[in-house]
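Enquirer: Provided below for reference: sequence and predicted model.
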Amino acid sequence: MISKAWKKYRKYLFVLMIPYTFVVLMMTVRADFTVTTPGGLSSVENSIRFEEEYPTESAYFSIYIMSFSRPTLFQVFLIQFDEENDLRVIPRQAPRVDSRVDFEAGSLSADNAWNQAVIALYNYLDIAITYEEKLQVVRYYNTISQRSDSGAEIAIRDTVLEVNGRTDIIAAINDVPCGEEALFLVEKEATNELEEIYIKKQETTLGCVFLIQLDTYYEIIDKALDFEVAFSLIGGPSGGLIQFLYMYDVLTAVPLAENLVISGTGGLSATGQAVSVGGIRQKVITAQRNQVDIFFVPHLSDSSSDNYMTAMRVKEELELDLVIVGIQRWEDAVNYLLALREDE
């Protein structure tokens, strides 16, 4: 009976297997792309507390977007019809970063953004603050080639003190021939102990590099006015500008603005200079969706890749009514808000 049924219906089963197999492949096979999508707003008020604060009349929000790698083929297909998302190819031979390392790197850059914003504000308000600049490991790739006699390995937040016995670290790194090892003297974040780690300079799609990224971290040693920053799962450096504006508002007697929803993106250096960031398209869309009144963004040049120029193209393309303000320094944003208040 089963044999007869199989002979009768097997050609139909084979036909049905084709679309079934296609659907399974579309839902399970992953492609080498990175997807960036609009995200949401995060209240700065909930992120930091000072010993003494003035009341504010406006709401300040940092903005975040969502990003994930290697979507399924079905997701790639859907994204083609959504102009709000960004789809970028990951080169096949490109070095990869472990998800845990990527999260730690994002947390480090977020901490550094807070510290630089605080330093810039305290210096302006003549509030005593002492800090130290450290050259730290902010990211490393899976294929890093490293060894040490003690078994120690490079980690996020490790401070690099010397390379091949030299304290001019960046120059020393550049002087190492491709394919050779260099001796990195590092202070481990976890133990504060010094370790000697040999890292090989490798030929990659990024060039001939050590497969680690270093950046200056601003560690606050002492401060006249204490504060506490709440832990956040949102990483990255792009909250520095809006964090500065909120802190300025709560630490100065005159409110910056009245009854506005204020957001923005961009890092802020310890000297008060705006710093460009990524994901501008999705951040502009996120701000529009959340009915932001004023959206600040770095405007450092008139090139097409400038954050402000990109934001204005998105606004025109999608016919948004969002108020976008380009700035070079924190003073530009503060003066803009104060001028609005005077006009009211």
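Expert: Right, received. Where do you want to start? Residues are numbered from 1 along each chain as shown.
Enquirer: for the host helix or strand of Glu162, what is the average pLDDT?
Expert: Glu162 belongs to strand 159-163 when assigned by DSSP states H and E. Mean pLDDT, strand 159-163: 96.
Enquirer: Could you tell me which residues within it count as buried?
Expert: 159-160, 162-163 (16 or more other Cβ atoms under 10 Å). For every residue, glycine as well, the C-beta is placed using N, CA and C.
Enquirer: where in the protein is pLDDT low?
Expert: For the chain, the stretches with pLDDT under 70 are 1-15, 233, 343-344.
Enquirer: What are the boundaries of the helices in it?
Expert: Remark: helices assigned in the chain by DSSP state H are 2-28, 73-79, 99-125, 169-175, 240-251, 280-289, 307-318, 330-343.
Enquirer: and for the last one, what are the contacting residues?
Expert: This means helix 330-343. With contacts defined as Cβ atoms under 8 Å, 6 or more residues apart in numbering, helix 330-343 is touched by 120, 241, 244-245, 248, 255-258, 260, 262, 264, 268, 272, 274, 294, 296, 325-327.
Enquirer: Just the buried ones from those residues, in ChimeraX syntax?
Expert: With 16+ other Cβ under 10 Å as the burial test, the buried ones among those are selected in ChimeraX as follows:
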select :120,241,244,245,248,255,256,257,260,262,264,268,272,274,294,296,325,326,327
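Enquirer: List the contacts of the residue nearest the centre of the chain.
Expert: Closest residue to the average C-alpha location of the chain: Gly236 at 2.9 Å, with Cα atoms, centre = their mean. Contacts for Gly236 (Cβ under 8 Å, 6+ apart) come out as 64, 106, 109-110, 113, 277.
Enquirer: and which of these is nearest Leu135?
Expert: Ser109 (14.5 Å; Cβ to Cβ).
Enquirer: before we move on, the earlier item: separation between the residue nearest to the centre of the chain and Ala270?
Expert: 17 Å (Cβ to Cβ, to the nearest Å).
Enquirer: same deal with Arg139?
Expert: Taken as Cβ to Cβ, the span from Arg139 to Ala270 is 21 Å.
Enquirer: Asn290 now?
Expert: For Asn290, the distance to Ala270 (Cβ to Cβ) stands at 29 Å.
Enquirer: Neighbour count: the two, which is higher?
Expert: Ala270 (19 against 15; other Cβ atoms under 10 Å).
Enquirer: Let me see the contact set for that one.
Expert: Ala270 neighbours (Cβ under 8 Å, 6+ apart): 115-116, 119-120, 123, 131, 218.
Enquirer: okay, now the domains of this structure?
Expert: Domain assignment for the chain by automatic domain parsing gives 36-71+111-127+227-343, 144-210.
Enquirer: Gly235 contacts Gly106, correct?
Expert: Yes. The pair Gly235 / Gly106 is scored as a contact, 2.2 Å apart, by Cβ atoms under 8 Å.
Enquirer: just to revisit the earlier point, quick one, which of the helices of the chain is nearest to Lys188?
Expert: Evaluated with Cβ to Cβ, those place helix 99-125 nearest to Lys188, the distance being 14.2 Å.
Enquirer: For that closest one, list every residue counted as buried.
Expert: Buried positions in helix 99-125, judged by neighbour count with 16+ other Cβ under 10 Å: 101-102, 104-122, 124.
Enquirer: tell me the angle that helix makes with helix 330-343.
Expert: The directions of helix 99-125 and helix 330-343 differ by 60 degrees, with axes from the mean of the first three to the mean of the last three Cα atoms, to 10 degrees as the criterion.
Enquirer: packing partners for helix 99-125?
Expert: If you count contacts as 3 or more Cβ pairs under 8 Å, 6 or more residues apart in numbering; DSSP states H and E, helix 99-125 packs onto strand 129-140, strand 212-223, strand 227-229, helix 240-251, strand 267-268.
Enquirer: rerun at 6 Å
Expert: strand 129-140, strand 212-223, helix 240-251, strand 267-268 (3 or more Cβ pairs under 6 Å, 6 or more residues apart in numbering; DSSP states H and E).
Enquirer: Contacts only, for Ile262.
Expert: 58, 60, 294 (Cβ atoms under 6 Å, 6 or more residues apart in numbering).
Enquirer: Without its sequence neighbours, what residue ends up closest to Gln146?
Expert: Leaving aside its sequence neighbours, Gln146 sits nearest to Ile199 (Cβ to Cβ, 6 or more residues apart in numbering; 4.8 Å).
Enquirer: now swap in Gln328 and tell me
Expert: Nearest to Gln328 is Ala274, by Cβ to Cβ, 6+ apart, at 5.7 Å.
Enquirer: Compute the distance between Val186 and Leu41, please.
Expert: 38 Å.
Enquirer: Who has more neighbours out of these two?
Expert: With other Cβ under 10 Å as the criterion, Val186 and Leu41 differ in neighbour count, and Val186 comes out ahead with 24 against 20.
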